[in-house]
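Chemist: Here's a sequence, model it:
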Amino acid sequence: MTPAPFPAARMRRLRRTRALREMVQEQGLSARDLIWPVFIRDGAGVEEPIPSLPGVARLSLDRMLQAAEEAHDLGIPAICLFPYTDQSLRTEDCAEAWNPENLTNRAIRLLKRELPDLMVMTDIALDPYNANGHDGLVVNGEIVNDETVAALVRMGLAQAEAGADILGPSDMMDGRIGALRMALEAEGHSQVAILSYAAKFASGFYGPFRDAVGASGRLVGDKATYQINPANAQEALACIARDLAEGADMIMVKPGMPYLDICRAAKDRFQRPTFAYQVSGEYAMLMAAAQNGWLDGEKVMLESLMGFKRAGCDGVLSYFAPRVARALRG
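Modeler: Have a look, this model is predicted:
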């Protein structure tokens, strides 16, 4: 519909006061829209800062529980666990990934025992356990698909058995969603949801995350043989369609801000719960600019997340989550 010509239509009328602006605001942002990625490590009383992620730390499980309690009190519905695995446990066969007593599975059980109403999401990929730093098994220099899928299914079943609410396959192997869904059904975990990293791009924005999980120094080569070319939108939508057809309950686009066009296209085309990951590089850029006084940190934090909602996202994984929830309360 074309607006009436000026002066009958004055777009500024509804911008005149804060009350008017809020009354006609098209999108809203709340703590319920957030999933908080949390890095965990062994030890006790540990809060280990990550230099490339200002304000983010690796937490021992006792500190993780304290942080999770705060998130729950702030109204954040879910946290997503990412382990910093001891170097001695990173092997070629990645067997620690499905150890029932590994760091992630111990964290899941602790959280579900102490905070049963807080949803726990996990990451399903082999890079925290892989001597090569890749999301999949490496055989003669090749990241092999089908053998990796079998390993990921074992990993996912161990996490479901520990009590995870949402599994997040981030590996980008072909066929892993269908294999995982069938295994969950067969093993009595039909209520466990899959939030698939369906459109994960071979991006340069992941660097600080790899620092956080200790994979940076171990990565041999790159991940371009299994993550999507950043130039390819139609391929990304095809991957989303495939994962939904195989049994994904929700889908994610990663990274977030450089791929808002994919978020919008996915929501419009599939009309399914759609999430984005505001990844470590996005967070680090905004934090660095704010710390240098180049940007208003709180304003761009909220503006960036509103951009995800405007692009059609139902929720966002963001390291800003507790800070956003506090700001919204204020």
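Chemist: Identify all contacting residues around whichever strand or helix holds Ala107.
Modeler: For Ala107, the host element (DSSP states H and E) is helix 103-114. Contacting residues not belonging to helix 103-114 are listed as 40-42, 61, 64-65, 68-69, 79, 81, 83-85, 99, 118, 120, 122-123, 158-159, 161-164 [Cβ atoms under 8 Å, 6 or more residues apart in numbering]. In short, each C-beta sits where N, CA and C put it, glycine included.
Chemist: Can you tell me which of these end up in helices?
Modeler: 61, 64-65, 68-69, 158-159, 161-162 (DSSP state H).
Chemist: Now do the same for Val316: helix, strand or coil?
Modeler: Taking DSSP: H, G, I helix; E, B strand; the rest coil as the rule, one finds Val316 in the strand state.
Chemist: Show me where the stretch 151-300 of the chain dips below the pLDDT cut-off.
Modeler: The model of the stretch 151-300 of the chain has pLDDT under 70 over residues 216-217.
Chemist: Now do the helices in it.
Modeler: 176-186, 207-213, 233-246, 260-270, 280-291, 297-310 (DSSP state H, counting those that start in this stretch).
Chemist: Of those helices, which is nearest Tyr129?
Modeler: Between Tyr129 and the helices of the stretch 151-300 of the chain, the tightest spacing by Cβ to Cβ is seen for helix 207-213, at 10.0 Å.
Chemist: for that closest one, packing partners?
Modeler: Helix 207-213 is packed against strand 78-83, helix 280-291, with contacts defined by 3 or more Cβ pairs under 8 Å, 6 or more residues apart in numbering; DSSP states H and E.
Chemist: Buried ones only from the contacts of helix 103-114, please, as a ChimeraX command.
Modeler: A single ChimeraX command selects the buried members of the contacts of helix 103-114 (16 or more other Cβ atoms under 10 Å):
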select :40,41,61,64,65,68,79,81,83,84,85,99,118,120,122,123,158,159,161,162,163,164
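Chemist: Which residues are in contact with the residue nearest to Leu260 when sequence neighbours are not counted?
Modeler: Closest residue in space to Leu260, ignoring its immediate chain neighbours: Ala311 at 4.2 Å, by Cβ to Cβ, 6 or more residues apart in numbering. Listed by Cβ under 8 Å, 6+ apart, the contact set of Ala311 reads 260-261, 263-264, 267, 276.
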